[in-house]
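Undergrad: coords please:
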Amino acid sequence: MASLIDKVQTLISANLHAMVDKALQSNSVAVMDEYIRQAADNLEKLEDTVVTVGGNVKTLKRKTDQYRAEAEKLDQSIDTLLLQGKKDLAGAAQARLNSTQRMADDYQAQWQEQQKQYEQLLSARRKLEAKLTTIRQEREHLQALLELAKSKEVAVQAIKSLDDLAGVGDADIARIGESIRARLDRAAAQGEMYAGRLEAQMDEVLEKSEIDVQLAERMRRLGMEAAN
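TA: Sure thing, here's the model as predicted:
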């Protein structure tokens, strides 16, 4: 377990700034990915150890309480035996009490030691979890920065390429542009022509409808039945 704690402490004390600098120099987050892999692996082992030690703490505490309770009963029994004049039995009970108290003291010492280790393990786990979270967040941020840098490099290269092409084929480019504008003008003219036709047709339909309404009204006044 000491070796595991040493590894965890090393991971916790890892220099984040140095790690970021190394990643920037190599233009890669591989160094941070390796840290995350090691930290996650050791965190899993640490959690298993925490569970094991935590179980031992509970067991030792229960044993300590058990022997303390037994010692208390024996202590009361000795007084009762002495009052009853049973000195031999009281002596045997006293010997058993001494042994029980020694066992209780031993278990208590082990329990207290294990409790300290348990608290240290819990603290190490919390610190490693916090460091791992920080490294993961920094890794994502750094990855975004590296991708942005790469994008800017591509943009700079593209601009440089355009600068290199300046003045090459200007006449052809102008001719292509003029052809495109001519096609757009033609399409616009056709659109206007079709729109004019549609408007004339709509006016004709509306005028005929108005005449039909007027004739129907006259036939109604004359008592004539409108033809379907």
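Undergrad: so what's the gap between the strand or helix carrying residue 66 and the chain middle?
TA: Counting by DSSP states H and E, the element that carries residue 66 is helix 30-83. With CA atoms, centre = their mean, to the nearest Å as the basis, helix 30-83 stands 33 Å off its chain's centre.
Undergrad: what element comes up after that helix heading to the C-terminus?
TA: helix 87-165.
Undergrad: shaky segments in the protein?
TA: Counting by pLDDT under 70, the chain shows low-confidence ranges at 1-2, 152-210, 225-228.
Undergrad: outline the domain layout of it.
TA: 2-165, 171-228 (automatic domain parsing).
Undergrad: for these, which one ends up most surrounded?
TA: Ranked by mean neighbour count, these are led by domain 2-165 with a mean of 14 (mean count of other CB atoms under 10 Å). All C-beta spots, glycine's among them, are computed from the backbone N, C-alpha and C.
Undergrad: and that one, how far out from the chain's middle?
TA: What separates the centre of domain 2-165 from the centre of its chain is 22 Å, taken as CA atoms, centre = their mean.
Undergrad: which other helices and strands does the helix holding residue 66 contact?
TA: helix 2-12, helix 16-26, helix 87-165 (3 or more CB pairs under 8 Å, 6 or more residues apart in numbering; DSSP states H and E).
Undergrad: ok, residues contacting the first one?
TA: The one in question is helix 2-12. 35, 38-39, 42-43, 45-46, 49, 120-121, 124, 127-128, 131 (CB atoms under 8 Å, 6 or more residues apart in numbering).
Undergrad: ok, so of those residues, who is nearest residue 142?
TA: residue 35 (12.2 Å; CB to CB).
Undergrad: could you report the distance from that closest one to residue 90?
TA: 66 Å (CB to CB, to the nearest Å).
Undergrad: what does residue 68 give?
TA: 21 Å.
Undergrad: now, among the contacts of helix 2-12, which is nearest to residue 25?
TA: Once CB to CB is applied, the member of the contacts of helix 2-12 that ends up nearest residue 25 is residue 35, at 15.6 Å.
Undergrad: quick one: the closest one and residue 14 touch, right?
TA: Yes. Counting by CB atoms under 8 Å, residue 35 touches residue 14, with 6.4 Å between them.
Undergrad: before we move on, back to that, farthest pair within the contacts of helix 2-12?
TA: 35 and 120 (22.3 Å).
Undergrad: in TSV: the helices and strands packed on helix 30-83, plus distance to residue 217.
TA: As requested, the helices and strands packed on helix 30-83 are exported to TSV (distance: least, CB to CB, whole Å):
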stretch	distance to residue 217
helix 2-12	96
helix 16-26	88
helix 87-165	73
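Undergrad: what's the distance between residue 215 and residue 223?
TA: Taking CB to CB, one finds residue 215 at 14 Å from residue 223.
Undergrad: before we move on, what about residue 216?
TA: 13 Å.
Undergrad: again with residue 79
TA: 134 Å.
Undergrad: circling back: joint contacts of residue 216 and residue 223?
TA: If you check residue 216 and residue 223 against CB under 8 Å, 6+ apart, no residue is contacted by both.
Undergrad: next one: phi and psi at the residue in the chain sticking out farthest from the centre?
TA: Seen from the C-alpha centroid of the chain, the residue lying at the greatest distance (CA atoms, centre = their mean) is residue 222, 85.4 Å away. Phi and psi for residue 222, reported as degrees, to the nearest 10, are phi -80, psi 0.
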